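1. after the sequence you'll find the predicted model.
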Amino acid sequence: MNKKILFIPLAAFLLLVLVFAVQLVRNSDGDDPTKLESVLVGKPVPNFHLEDLAEPGKLYDQSIFKGEPMLLNVWATWCPTCYSEHQYLNELAGQGVKIIGLDYKDQRDKAVNWLNKLGNPYLISLYDGNGMLGLDLGVYGAPETFFIDANGIIRYRHIGDVNPTNWKKTLQPIYEQMKAEAKS
């Protein structure tokens with residue numbers, strides 16, 4: 001038997017190890033493989049006409065995002081992570097952070113009860129029962145939070161819960177920068 005044939009499996013194994021090592025290094029240089037970029041970053045909030053969650057018939061459109069920076073928080077009662085982030089959103093609202101809620105693919109009565117029971121951090125609660133605005137925003141699920149500047153332009157998309165750690169490290173500086181830009 002030819003000795004070269006015995007080295008083929010070893011060479012294939014080493015090549016596979018090299019491919020994995022390159023991929024690990026590529027993902028450790030700051031690229032977050034779980035981060036989903038939004039094609040809407042840098043663009044206006046999509047046009048919409050949605051009802052208020054608690055007041056059916058009261059309509060809102062994209063103009064609610066003009067005038068001052070705010071967050072658009074996509075949430076639902078069926079989302080356990082939304083439940084865990086809700087208390088912190090109440091704290092942020094108490095500190096003056098402007099938040100609009102988008103109740104996504106949910107049952108209106110359950111969502112209203114949720115806010116009545118857990119507190120309402122939202123200046124306005126939009127009802128997106130069929131998920132069309134969520135679809136236009138590219139929402140994959142809840143929670144997701146969009147940072148929208150005073151001109152109604154989406155500046156950042158955060159997937160997952162907003163919590164004290166990611167707020168201090170990443171999200172608060174973005175919000176504070178949008179506020180500073182709105183004043184100038």
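-> Nice, I can see it. Just so we're clear, the structure is a prediction, and the values are computed from it rather than from any experiment. Numbers count the residues shown, from 1 in each chain.
2. break down the protein into its helices, ranges please.
-> Counting by DSSP state H, the segments of the chain that form helices are 3-28, 80-94, 108-118, 132-137, 164-166, 172-183.
3. which residues does the last one contact?
-> Same thing as helix 172-183. 68-69, 71, 97, 147, 149-150, 155-156 (C-beta atoms under 8 Å, 6 or more residues apart in numbering). C-beta here means a position set from N, CA and C on the backbone, and glycine is covered the same way.
4. ok, now with 7 Å
-> By C-beta atoms under 7 Å, 6 or more residues apart in numbering, the residues outside helix 172-183 that reach it are 68-69, 97, 147, 149-150, 155-156.
5. on that earlier part again, the helices of the chain: lowest mean pLDDT?
-> Of all those, the minimum mean pLDDT falls on helix 3-28 (a mean of 62).
6. find the nearest non-adjacent residue to the residue positioned nearest the centre of the chain, please.
-> Nearest to the mean C-alpha position of the chain, counting by C-alpha atoms, centre = their mean, stands residue 144 at 2.4 Å. By the measure of C-beta to C-beta, 6 or more residues apart in numbering, the closest residue to residue 144 outside its immediate chain neighbours is residue 74, 4.5 Å from it.
7. what about residue 45, distance to residue 133?
-> In this view, residue 45 and residue 133 are 9 Å apart by C-beta to C-beta, to the nearest Å.
8. need the pLDDT of the closest residue to residue 64 other than its chain neighbours.
-> Closest residue in space to residue 64, ignoring its immediate chain neighbours: residue 124 at 6.0 Å, by C-beta to C-beta, 6+ apart. Here the pLDDT value assigned to residue 124 is 98.
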